[in-house]
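Enquirer: Give me coordinates for this.
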Amino acid sequence: MKDYSYYLQTFGEYGEVNAITYPIVSVSGLPSVRSRELVIFENGDLGQVLSLNESGVDVILLGRTSIPIGTKVSRTGSQLTVPVGEELLGHTLNPLGSLYATNQILPDIPEHRIIDKPPIGISERTRITKQFISGTSLVDIIVPLGRGQKQLILGDRKTGKSTFVITVMKNALRDGMITIYAAIGKKKSDIKYLETIMDQLPEKNRMAIIATSSFDSPGLIYLTPFTAMTLAEYFRDRGEHVLVIFDDLLSHAKFYREFSLLAQVFPGRDSYPGDIFHIHARLLERAGNFKHSQRGEASISALPIVETQDTDLTGYIVSNVMSITDGHILFDSNIFASGRRPAIHTGLSVTRVGKQTQTNLVRDVNRELTSFFAIYEKVENLSHFSTELTDSVKSILATGERISAFFTQPAGLIVPLPVSLILFGLVWLNFIPDGAAGVDAVRTGLLRAYHHDKHKQFMNSLLQAETFNGLLANIGKNKEEIFKMIHNER
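Expert: Just a heads-up that it's a prediction; the model follows:
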C-alpha cells in the first residue's frame with residue numbers, strides 16, 4: 001500500500017473531513033470516487049466508501065485512530081484487497097491480512113484479492129456427493145453434512161455450539177481439509193483460546209484464524225467474514241477442500257447495524273438496514289462444491305453460527321440465515337441442562353443436502369432411527385402418567401435410553417463413522433451391559449482398535465451391507481470377535 005502523497009499525485013483530487021460520527025466520517029470533495037472504493041487519509045489511515053450523496057461521501061473507518069475535522073483524504077482507485085497464500089496458514093490475522101497481535105504484514109505474499117466478490121455462477125458448480133464427516137455420531141447419522149454445504153449452527157449462549165464446531169474443525173484438519181476460522185468481534189480471551197487450540201494441533205499449518213475483537217473498529221469487524229471467505233476461495237482454486245467457520249453472524253449483523261444507523265441509513269425490522277439479508281447471502285453463496293480442472297472438484301463448506309435468545313427461531317437474523325443456508329443444527333438449552341452432549345435437538349434440526357451423500361446403509365440406519373425417535377417420544381410422554389407399563393413399552397424405553405447413551409459423546413471426542421455404526425449396532429442389539437458406562441467403554445475400545453490397520457479392515461468389512469438389517473446380521477455373526485478386539489485394546 002502506497003502513502004497518501006502517491007495517490008494524491010496519481011488521481012489529482014482530494015476531499016476533506018467535515019463531520020465525524022465514529023466510525024463514520026463525512027467527506028466533501030472526491031467527485032470521481034466510487035462505492036466501496038478504498039480511500040486513504042493523510043495520516044495513513046484507511047477507510048472504505050459506504051455511501052454517496054449530493055454533498056459528498058460517507059466513509060467507514062478501518063482503524064481506531066481519531067480523525068480530526070479538516071483532514072484531507074484521497075482516492076486509491078481500487079476496492080479493498082487482502083493478501084492470500086499458504087504463508088498465511090498457521091497464523092492469526094486481522095481482516096487486512098496483517099498479523100493480529102503485532103499488526104505486522106507478512107513478507108513476500110505476491111497475490112492479493114478483492115474481498116467482496118460476487119458468488120460463482122451455477123455453471124461452475126457441481127452436485128454435492130461426498131459426506132462431510134463431523135466426527136460427532138449424532139450429526140453424521142441423523143443430520144449429515146455434505147462437502148460444500150452451508151449448515152447453520154443455532155442455539156442459546158453456552159449450549160455447546162463452539163465446542164461442536166471446534167470438534168468439526170479438528171476432524172476436518174485430520175481429513176486433509178484447509179480450515180479458516182472467522183472470529184467476529186470476539187473477546188480477546190476467546191481469540192487467545194482459539195490460538196492455543198491451533199498451536200496444539202499437528203495440522204496447524206493447514207489452518208488460519210481471521211480475528212477481530214470487540215475493541216476493533218466496527219468497519220474492520222464487518223470485513224472479518226469476507227476476508228475469511230476470500231482466503232478460502234484461494235485454496236479452493238488450488239483444488240483444496242476448505243471449511244470456513246463464521247463465529248458469529250449475529251454479532252456481524254449488530255456491528256453492521258451500528259454504523260449503518262450512524263450513517264443515517266433508513267432502518268428496517270429490529271433497526272437492521274434493509275440490505276442485511278443481501279450481505280449475508282452474498283457472503284454465504286460463495287460456498288459450495290465447484291468444478292476444478294485438475295482435481296475434478298473442490299469445495300468450500302460453511303458453518304455460520306448464530307446465537308438465539310430462548311431458542312427463538314423467528315428472530316430476524318436467525319430466520320434470514322436459515323433461509324440462505326442448506327439446513328441448520330439446533331442446540332437446545334433444555335437438552336443441555338439435562339446433561340446430554342451434544343445438546344442437539346434432532347426434531348428441529350434439518351439438513352437439505354447431507355442425506356444425498358450418505359451410503360445406502362447409513363441412509364437406512366437414519367430412517368430406522370428417525371421412525372424410532374417418533375415412537376419413543378410418544379411413549380416417553382405417556383410414561384409420565386405413572387400408569388402400568390406393558391412389556392413392549394418397557395422395551396421401547398430401554399432401547400431409547402441405550403440410544404441416548406450412544407449419542408452422548410464427550411466434548412472434543414472425534415468418532416469416525418465406521419466406529420459410530422458398529423457401536424450403534426451393538427447398542428441396538430443390546431449386546432452392551434452396564435448402561436452408559438458400558439457404552440463409553442466399548443466406544444473407547446473401538447476407537448483404539450480403529451487406529452490399527454488390521455482391526456480397521458475388519459471393522460470396514462462389517463459395513464459391507466446395504467441395509468440396517470444386514471449390518472445387524474454381520475455384527476451378530478462376529479459378536480465374539482468384536483468384543484475380543486475391544487478387550488485386547490483396553
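Enquirer: Look at residue 298 and give its secondary structure.
Expert: Under DSSP: H, G, I helix; E, B strand; the rest coil, the three-state class of residue 298 is strand.
Enquirer: in the stretch 151-300 of the chain, which spans are strands?
Expert: Applying DSSP state E, counting those that start in this stretch to the stretch 151-300 of the chain gives strands spanning 152-155, 178-186, 207-213, 242-247, 288-292, 296-307.
Enquirer: what about the protein, any weak spots by pLDDT?
Expert: Counting by pLDDT under 70, the low-confidence segments of the chain come to 383-387, 489-490.
Enquirer: Geometric centre of it: which residue is closest?
Expert: residue 303 (2.2 Å; Cα atoms, centre = their mean).
Enquirer: returning to what we had before: mind checking which of the strands of the stretch 151-300 of the chain is nearest residue 110?
Expert: Between residue 110 and the strands of the stretch 151-300 of the chain, the tightest spacing by Cβ to Cβ is seen for strand 207-213, at 17.6 Å. C-beta coordinates here come from the backbone N, C-alpha and C atoms, glycine included.
Enquirer: between the closest one and strand 242-247, how many degrees?
Expert: Computed by axes from the mean of the first three to the mean of the last three Cα atoms, to 10 degrees, the angle separating strand 207-213 from strand 242-247 equals 20 degrees.
Enquirer: Can you give the contact residues for strand 207-213?
Expert: Taking contacts as Cβ atoms under 8 Å, 6 or more residues apart in numbering, the residues outside strand 207-213 that touch it are 88-95, 100, 169, 173, 178-188, 191, 194-195, 198, 201, 220-221, 224-225, 227-228, 231.
Enquirer: Any quick PyMOL command for the buried ones out of those residues?
Expert: The PyMOL command for the buried members of the contacts of strand 207-213 (criterion: 16 or more other Cβ atoms under 10 Å) is given here:
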select buried, resi 88+89+90+91+92+93+94+95+100+169+173+178+179+180+181+182+183+184+185+186+191+194+195+198+201+220+221+224+225+227+228+231
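Enquirer: Please give me every residue in contact with the most far-flung residue of the chain relative to its centre.
Expert: With distances taken from the mean C-alpha point of the chain and given as Cα atoms, centre = their mean, the most distant residue is residue 388, at 46.7 Å. Residues in contact with residue 388 (Cβ under 8 Å, 6+ apart): none are found.
Enquirer: Residue 203 versus that one, what's the distance?
Expert: 56 Å (Cβ to Cβ, to the nearest Å).
Enquirer: again with residue 290
Expert: Residue 290 sits 23 Å away from residue 203, going by Cβ to Cβ.
Enquirer: which residue packs closest to the residue nearest to the centre of the chain, ignoring adjacent ones?
Expert: The shortest distance from residue 303 to any non-neighbouring residue, by Cβ to Cβ, 6 or more residues apart in numbering, is to residue 245 (4.9 Å).
Enquirer: Tell me which of the contacts of strand 207-213 fall in helices.
Expert: Counted as lying in helices by DSSP state H, out of the contacts of strand 207-213, are 169, 173, 188, 191, 194-195, 198, 220-221, 224-225, 227-228, 231.
Enquirer: so which two of those are the farthest from each other?
Expert: Put simply, by Cβ to Cβ the two of the ones in helices among the contacts of strand 207-213 set farthest apart are 173 and 220, 27.0 Å from each other.
Enquirer: Show me which positions of the helix ranked longest in the chain end up buried.
Expert: Of all the segments assigned as helix in the chain under DSSP H, the longest by residue count is helix 360-382. By neighbour count, and taking 16+ other Cβ under 10 Å as the criterion, the buried residues in helix 360-382 are 361, 362, 363, 364, 365, 366, 368, 369, 376, 379.
Enquirer: All good on my end, thank you.
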